[in-house]
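Q: Model the following, please.
(2 chains)
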Amino acid sequence: MLVAKGLSAGYGRSTVLHDIDLEVKPGEIVTLIGANGAGKSTLAKTIAGLIEPRGGVLTLGGENAQNLSAKERVRRGLCLVPEGRQIFGSLSIEANLRLGAYAHAEMSAADMEASIHQACEAFPILLARRQESAANLSGGQQQMLAIARGLMARPVLLVLDEPSLGLAPNLVKDIFRLIASLRSTGISILLSEQNARQSLAIADRAYVLANGRIIHSGEAKAIAAQSDIAQAYLGAGHQIGGQVQGNARVAQMRDLLVAFANDR
Amino acid sequence: MLGLIEALIGGIIQGGVYAAIALGFSLVFRVTGVVNLSQGAFSVLGAMGMYFCQVKFGIPILLSVIIAVLGTALFAAIVGATAFVPAVFRLPVSNTLMLTAGLLTFFEGVTLVVWGNQPYALPTFSGEAPILLAGIRIPTQGLWLSSGSLAIIVGLWWLLHRTRMGQALLASAENPLAARLMGVNVGRMMVLAFALAAGIGALTGVLFAPVAAIQFDSGRMLSTSGFIAVAIGGMGTFGGAVVGGLILGIAGQLAAFYVSSLFATSLSLALLIVVLIWRPAGLFRAGAVQRVDVRVNSIIHRALVRLPGRAAIALGGVLLAVFGCLPLLPLPPGVISSLAISMIIFLAVLGLDVLMGYTGQVSLGQAGFMAIGAYAAAILATTHEWPPLLATLAAMGLSLVCAFALSLVTGRLRGHYLALATLTFGLLVDSLTVGLIDLTGGPSGLVGIPSFAIGSFEFDSSEQMYYLALGIAAVVIVLLEGGMRSSFGRSLQAVRTDQLAAAALGVNVPAVKLAALCISSALASLAGSLYAFQFHFLSPEMVSTPRSFDFISMLVLGGEGTLIGGLLGALFLTMLPTLVQSLAVYKTIVSGLLLVGAILLLPEGLFGRMALFVARRWTSGARGKE
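A: Residues are numbered from 1 along each chain as shown, chains lettered A, B, ... in the order given. Predicted coordinates:
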């Protein structure tokens, strides 16, 4: 389905991802776990085509994909549900869903309606409130909308970036149950999560990311059982990640701060 | 009563024009997060195109309208794709705002070169005779105008809410990242919004031109009115744009009906100031705009270029020697006087650099302070026979008072609203210099201004004025150079980088902004006074708002945050038309192109690029020695 070999990517002068080897097979749920700043979101964005890779190979369904635009990747069934939900709050729920199918311009009105019903099968509340502005939805419902919007593109591989971020614990459970239930539809899922325990529980295989490198990979159950990995995962949180180094504004403010400290 | 109704109808017609222009503003603002100051110029291009088709070539009206509107939109699409949209992606919002000021100048230049500077009046669509309805006269073109505005409003609503393309536009406006994930080409949507806004502007211009003579720089006035309407209604909301336009139109016509038409401009400006103080975000709240601001803030400002201390001193010495010797060369008197003027103008650009380059506060009203300095000093020295030095200092005092008053309005404003408030201030000063005829001599200006003098020593030649300005500039640069390296200078830069973070570090943000504004306005005022003493004559257009745009061009061309860079810009843009008289007609277009080109290709400016080169060499050299 999706194969990455020796993938590297970054922002500006700093390289965030180094030599990533990763594979998602058809019908699989694969989870990508790692601390804040480990490079999970960068990897998700690189796979979706929002960031150009610096090196390596990315193939999608056997075809070379690293030169495809984000739109072309969506058309071929690769769909990213981004971190922080990123719904269009000022538009209606229905408009959000329709935009999910934007890449499929050829879709007829009847097909569109059928897609909306299909995507909302697990989320009846979205259908019931489809004319309402999406900003009125609660956090958990917005995450559901984001996933449903992703399903509108009729994906074969759904990349979910931190779907549990900022949700109450009981909602987090719901979201994970829902992701597990998507398995029956045959869609492959790449799930990037900080919440390692719960994502390992629903995944087939897992990759552990730290400082932009994959430090472990294997069966999800095996990784969940290994205590030293949890150790490594927690340890990574105490180092400065690549993301912070890449932020020039932080650097600029830091310089000013040092200068102020010297003044006084 | 009849008169009042007719004034109201006139207000609605006028308001429709403003509303249509405001819609163009709102569309571009929503999708790109940038206020496009060149919006009004599209109306002028549309009207000129219409004149070409209809009057010159005798093409039927409807076909002419279509050609003019589509032609303008196509032209805008090209400009949008090559200049505007790349800037939106790459540059901080303040630079993109300046880029649109450059585009406005560029469009004016194009119009000037193609159609000249005479006003054009188009024939009305269906005769001059107004329709009489129960004794009320309604001009037929007014009907065309209001139905045109209505068609634009309805058409835009339909496009945005009922078509796939419109939804993609709205999605790009609200969340560009998510829109890209849906497969929307956000850059193309921005170009589309820009071209669509241009089409709307052109259609408005075509319909408006028969009732108002249009000339190459009418776009400025239309941009301003549309901008004011948008600000009253609320930026980025389409309903707000329409309501703001109507309020502005009706208020203007009522003011003209009850008081006088001279008063209409001042009234609309006063209306805007009231709204800015009372509800800085406009009457209608835009939900989506918040997001746009977040994105805009994520583009960081470039770090300022700093020459190492010894390099700066060496360079300063060399520059002072070169500029000190310049008048000793056998130059024609015209060149000497241009040099003196450049040096005087450089003082105002220096002030702008402190405010814009170091503190990041976009000001479109710098010429306003120059006007205050020029008129106050000239009036005191001429009518009241004050000694010029005292008059100049008094004028600076008045400017500081005005700066303080302005800061009461602008204190809470940022970004576009700040730019808007300063533009309003500049325009208010413009309307006063023209309107207060008893004091300023009105449009014909003031004559018989004496030479500048300190005690009994008169600076009565251009050469002497040149040395005076050079001396002042040198002293000011040394003071500012030291100031900018002190903790005060760093607090300015902290405000420029991130106001919130600066406040968190203990920087008194309002005080720092006020200080920067005061330095900037004092220098502009000084430049204005010297300008008046140099010319012995003063008229409103010498110190009016287009000058503010010139200053920005000079600053950006030379290099923001470099102090000395503005001199290159001032010299270049002042000397160019003097040296090549026959090319004077191209001055506007060149100036616009230079500003746009500099912002896109040379964001650190001529001097900034040089300083960067020297600074890198210097540090690598120093490292080599270790």
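Q: what about the helices in the stretch 201-350 of chain B?
A: B:218-233, B:238-258, B:262-278, B:289-298, B:309-325, B:333-352 (DSSP state H, counting those that start in this stretch).
Q: pLDDT of the longest one, averaged?
A: Put plainly, it is helix B:238-258. The pLDDT scores in helix B:238-258 average 87.
Q: buried stuff in that helix?
A: By 16 or more other Cβ atoms under 10 Å in any protein chain shown, the buried positions in helix B:238-258 come out as B:238, B:240-257. For glycine as for every other residue, the C-beta is placed from the backbone atoms N, C-alpha and C.
Q: Distance to residue B:114 for the helices of the stretch 201-350 of chain B - can I get that in a markdown table?
A: Output for those, formatted as a markdown table (distance: least, Cβ to Cβ, whole Å):
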| stretch | distance to residue B:114 |
| --- | --- |
| helix B:218-233 | 14 |
| helix B:238-258 | 29 |
| helix B:262-278 | 28 |
| helix B:289-298 | 34 |
| helix B:309-325 | 38 |
| helix B:333-352 | 28 |
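Q: Quickly compare those and say which is most buried.
A: Mean neighbour count, computed with mean count of other Cβ atoms under 10 Å in any protein chain shown, is highest for helix B:218-233 among the helices of the stretch 201-350 of chain B, reaching a mean of 26.
Q: Can you tell me the SS state at the closest residue to chain B within the stretch 51-200 of chain A?
A: Residue nearest to chain B within the stretch 51-200 of chain A: residue A:103 (3.2 Å; Cβ to the nearest Cβ). Secondary structure for residue A:103, judged by DSSP: H, G, I helix; E, B strand; the rest coil, is coil.
Q: which non-adjacent residue is nearest it?
A: Take residue A:103 and drop its neighbours on the chain: the residue closest to it by Cβ to Cβ, 6 or more residues apart in numbering or on different chains is residue B:183, 3.2 Å away.
Q: what's the burial count for the one you found?
A: 24 (other Cβ atoms under 10 Å in any protein chain shown).
Q: got a list of what it touches?
A: Residues near residue B:183 by Cβ atoms under 8 Å, 6 or more residues apart in numbering or on different chains: A:70, A:71, A:74, A:75, A:102, A:103, A:153.
Q: Please pick the buried ones from those.
A: Neighbour counting over the contacts of residue B:183 (16+ other Cβ under 10 Å) leaves A:70, A:71, A:74, A:75, A:102, A:103, A:153 as the buried ones.
Q: Residue B:442: neighbour count?
A: Counted with other Cβ under 10 Å, the neighbours of residue B:442 add up to 15.
Q: Can you give me the end-to-end span of stretch A:31-38?
A: In stretch A:31-38, first residue to last residue: 14 Å (Cα to Cα, to the nearest Å).
Q: circling back: which of the helices of the stretch 201-350 of chain B comes out lowest on mean pLDDT?
A: helix B:289-298 (a mean of 37).
Q: where does whichever residue of chain B sits closest to chain A land in three-state SS?
A: Distances between chain B and chain A by Cβ to the nearest Cβ are smallest at residue B:183, namely 3.2 Å. For residue B:183, the assignment made with three-state DSSP gives coil.
Q: I'd guessed residue B:422 sits against residue B:365; true?
A: Yes - here residue B:422 reaches residue B:365: they are 3.5 Å apart, a contact under Cβ atoms under 8 Å.
Q: hey, what's in contact with both of those two?
A: residue B:406.
Q: Many thanks, have a good one.
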